[in-house]
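Visitor: okay, sequence plus prediction incoming.
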Amino acid sequence: MAWFKKARTPRTSSTTEKPSRVPEGLWVKCPDCAQILYNKDLEKNLAVCPKCAHHFRLNAAERLRMLLDRGRWTEHHAGLSSTDPLGFTDTKAYRDRLRTAEQATGAKDAVVVASGQLDGIDVVVAAMEYAFIGGSMGVVVGEKITRAIEQALDRRQPLIIVSCSGGARMMEGALSLMQMAKICAALARLDRARVPYISVLTDPTTGGVTASFAMLGDLNVAEPKALIGFAGPRVIEQTIRQKLPEGFQRSEFLLEHGMIDLVVDRRELKATLARALRFMVAAPALEPQVAVAAMADADQSSR
Amino acid sequence: MPPDLLEFEEPIGVLLKEIEALSMLPQTPERQRSIERLQAEIESIRADLYSRLTPWQRVLVARHPSRPTVLDYVERLFTEFIEIGGDRRFADDHAVVAGFARYKGEPVMVIGHHKGGGGDTKQKVYRNFGYAKPEGYRKALRAMKLAEKFGRAVIAFIDTPAAYPGVESEERGIAEAIAYNLREMAALDAPIVVAVHGEGGSGGALGIAIGDRILMHEFAIYSVIPPEGCAAILWRDSGRKIEAAEALKLTAPDLLAFGVIDEIVPEPTGGAHTNPDLAASLLDGPLARALADVSTREPAARLEARYRKFRAMGNVGIAEP
Ligand SMILES: [Zn+2]
């Protein structure tokens, strides 16, 4: 076992991808401040560098663990998988890419849908899994997120979607594109029913994910310095034939341009979401009591 | 080769040159017969080519610089068109057209991307080659909300390479503009018929393409990413665009089979640009039928059917134990 592993070095460009997950090994070097960190300490700090607050990427399970009370949740629709509807092959067969991703993550596709409690409030959470083909959205991600929305609507429980995705999945063609429409149609119903939806944007959130559910939260919250945008930075650089400025398409840039509500340090995220949810939903203890009282009144009046 | 011909139409170009050469000479009955023979040959070659277009060839036809635009169809099929402008927020985006019109005598709202097709470079620049910015999507939604308010149907013409991938697009929230349209169009209380008549370029196309009935022209394309972009990412070589075009299943017959579209609109042999009048009249029937169908439904039933339609997208690719 390695005593020491360097995090993936960022590529040299103003638009580099942020370093990804916490590497395995006992010690980790922070890609931002070069501090050598003890892996266990980093984990305890929610994978945020204690020195410079660099946010390492979390996988879906780590995300759910940090958001949900006692780190407990019930997973839904875990068995859904893609049939490779296009029979897609590039330099590699898509079927093989799916198999490799499943072996690497233990998941059948790039999102985990779960229900649990956030600070005592029942919530439905969809957390995206970047390690599964770049968190890309194909038909399975689209279906699972739509089911999460419908579940939130049925139960009238707040919905939280944590985005971490390069966008629509090319290997499922226009069917991937249509997931944007499908999810947004479900969100229209959730919106009309006044059920809360909080979008949490993490590094990276781009393409068709940004241009659908990630931008439609009643509250859009981003982690610091996350890459968030529609077109990829390289595509934009090709269009304008210029280097993009430092910080372009980062969370703070979107905040400045009015596209998100808050940039929140991961260590404050759960508390912030809880506070926002209390604005959006009736206090959990109150609602049943009122309902019971109303029923009792009705009973009496009918006598 | 004449500028209107595409690379795979080269055999036609050769014959056209022969006709041109013959026409320069003094006319004789014999030469006239030769010209007619050549013209017949051109028609037969064209019919043959277009009966078995490859996906990449369809991409070229769909992107033809003279492909009819939304306004070409408006001119031929609609009356009393009044173009409206602006998103009331930032600007008027010329890559998206919106306006009141009458179709079969009924008032409707027309929206559509406009690439500047058929025009000169100045025209194309004015239209930003059909690359819409956030204000374009917001203008379109404003127009659709007017249709909802006044109980009119919406007819959407789709033809864009993509939403504009530039700094100002990101600054003004191109992602939010598209996302918001997707959500609001899903619930818009007005009949919506969509015609993907040219290039259905990803989210930029989808941003005004939610509807009760989705028509698609025979040689149009609709894709999650341009074949060049797909090839650059997956093959690491944009030159592999022909294979990418095959793999992406972006043709009308493919998308009909997947349930992404409802109906294919036939085009003149050689593509809509070879005969815009015929292209318009070929659209007229399917458009009128689709509009009549969805307009007669009860609003609640129509919205439910629209939801179910998009809700089912992708079921074909899901396995559930
Ligand atoms: Zn650090």
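Guide: The structure has been received and is ready for your questions.
Visitor: and the residue nearest to A:L58 when sequence neighbours are not counted, how many neighbours?
Guide: Spatially, and ignoring its direct neighbours in sequence, A:L58 is nearest to A:A47 (5.9 Å; Cβ to Cβ, 6 or more residues apart in numbering or on different chains). Just so you know, the C-beta spots here come from the backbone N, C-alpha and C atoms, and that holds for glycine as well. Counted with other Cβ atoms under 10 Å in any protein chain shown, residues neighbouring A:A47 total 21.
Visitor: any idea how far B:K145 is from A:A47?
Guide: Distance from A:A47 to B:K145, counting by Cβ to Cβ, to the nearest Å: 44 Å.
Visitor: and what about B:V193, helix, strand or coil?
Guide: Under DSSP: H, G, I helix; E, B strand; the rest coil, the three-state class of B:V193 is strand.
Visitor: now do the helices in chain B.
Guide: Secondary structure of chain B by DSSP state H: the helices cover B:10-24, B:29-51, B:55-62, B:70-77, B:121-126, B:134-149, B:167-171, B:174-186, B:202-206, B:227-230, B:241-248, B:252-257, B:276-295, B:299-311.
Visitor: how close does the residue nearest to A:L58 get to chain B?
Guide: 26 Å (Cβ to the nearest Cβ, to the nearest Å).
Visitor: quick check: that residue touching A:R63?
Guide: No. Contact criterion Cβ atoms under 8 Å: A:A47 and A:R63 do not qualify, at 10.0 Å.
Visitor: any residues in contact with both of these two?
Guide: Common neighbours of A:A47 and A:R63, counting by Cβ atoms under 8 Å, 6 or more residues apart in numbering or on different chains, are absent.
Visitor: low-scoring pLDDT stretches of the chain, where are they?
Guide: You didn't pick a chain, so chain A it is. A:1-23, A:283-303 (pLDDT under 70).
Visitor: meant chain B, my bad for not saying
Guide: Across chain B (using pLDDT under 70), the flagged ranges come out as B:1-2.
Visitor: from it, which residue is nearest to the ion?
Guide: Going by Cβ to the ion, the ion is nearest to B:E170 of chain B, at 27.2 Å.
Visitor: so what's the spatially closest residue to that residue that is not a sequence neighbour bridging to?
Guide: What sits nearest to B:E170 in space, not counting adjacent residues and going by Cβ to Cβ, 6+ apart, is A:G229, at 5.4 Å. Beta-bridge pairing for A:G229 (DSSP bridges): A:T206.
Visitor: go ahead and confirm A:G229 touches B:G173.
Guide: No. A:G229 is beyond contact range of B:G173, at 10.1 Å (criterion: Cβ under 8 Å).
Visitor: which one's more surrounded, the two?
Guide: Using other Cβ under 10 Å as the criterion, A:G229 and B:G173 rank with A:G229 on top: 27 against 23.
Visitor: sec struct for the nearest residue to A:D69 once chain neighbours are set aside, please.
Guide: Nearest residue to A:D69, sequence neighbours excluded (Cβ to Cβ, 6+ apart): A:Q117, at 4.5 Å. Secondary structure assignment for A:Q117 (three-state DSSP): strand.
Visitor: wait, what's in contact with A:Q117?
Guide: Contacts for A:Q117 (Cβ under 8 Å, 6+ apart) come out as A:68-69, A:123.
Visitor: rerun that using 10 Å as the cut-off
Guide: Applying Cβ atoms under 10 Å, 6 or more residues apart in numbering or on different chains, we find A:Q117 in contact with A:67-70, A:72-73, A:123, A:157, A:284.
Visitor: please convert these to TSV, extending it with distance to the ion.
Guide: Listed next are these as TSV, based on distance: Cβ to the ion, whole Å:
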residue	distance to the ion
A:L67	23
A:L68	27
A:D69	29
A:R70	29
A:R72	30
A:W73	30
A:V123	31
A:Q157	36
A:P284	38
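Visitor: out of the residues you listed, who's nearest A:I149?
Guide: A:Q157 (11.0 Å; Cβ to Cβ).
Visitor: can I assume that closest one is in contact with A:A193?
Guide: No. Contact criterion Cβ atoms under 10 Å: A:Q157 and A:A193 do not qualify, at 11.5 Å.
Visitor: so the two - more neighbours on which side?
Guide: Counted by other Cβ under 10 Å, A:Q157 and A:A193 do not tie: A:Q157 has more neighbours, with 19 against 11.
Visitor: quick one, what contacts that one?
Guide: A:115, A:117, A:121-125, A:151, A:195-196, A:281.
Visitor: can you pull the contacts of the residue of chain B closest to the ion?
Guide: Contacts of B:E170 (Cβ under 10 Å, 6+ apart): A:210, A:228-231, A:233, A:236, A:244, A:248-249, A:253-254, A:257, A:259, B:134, B:164.
Visitor: touching both of A:G229 and B:G173, which residues are there?
Guide: Residues touching both A:G229 and B:G173 (Cβ under 10 Å, 6+ apart): A:210-211, A:254, A:259.
Visitor: picking up where we left off before, of all the contacts of A:Q157, which comes closest to the ion?
Guide: Checking the contacts of A:Q157 against the ion by Cβ to the ion gives A:V125 as the nearest, at 27.8 Å.
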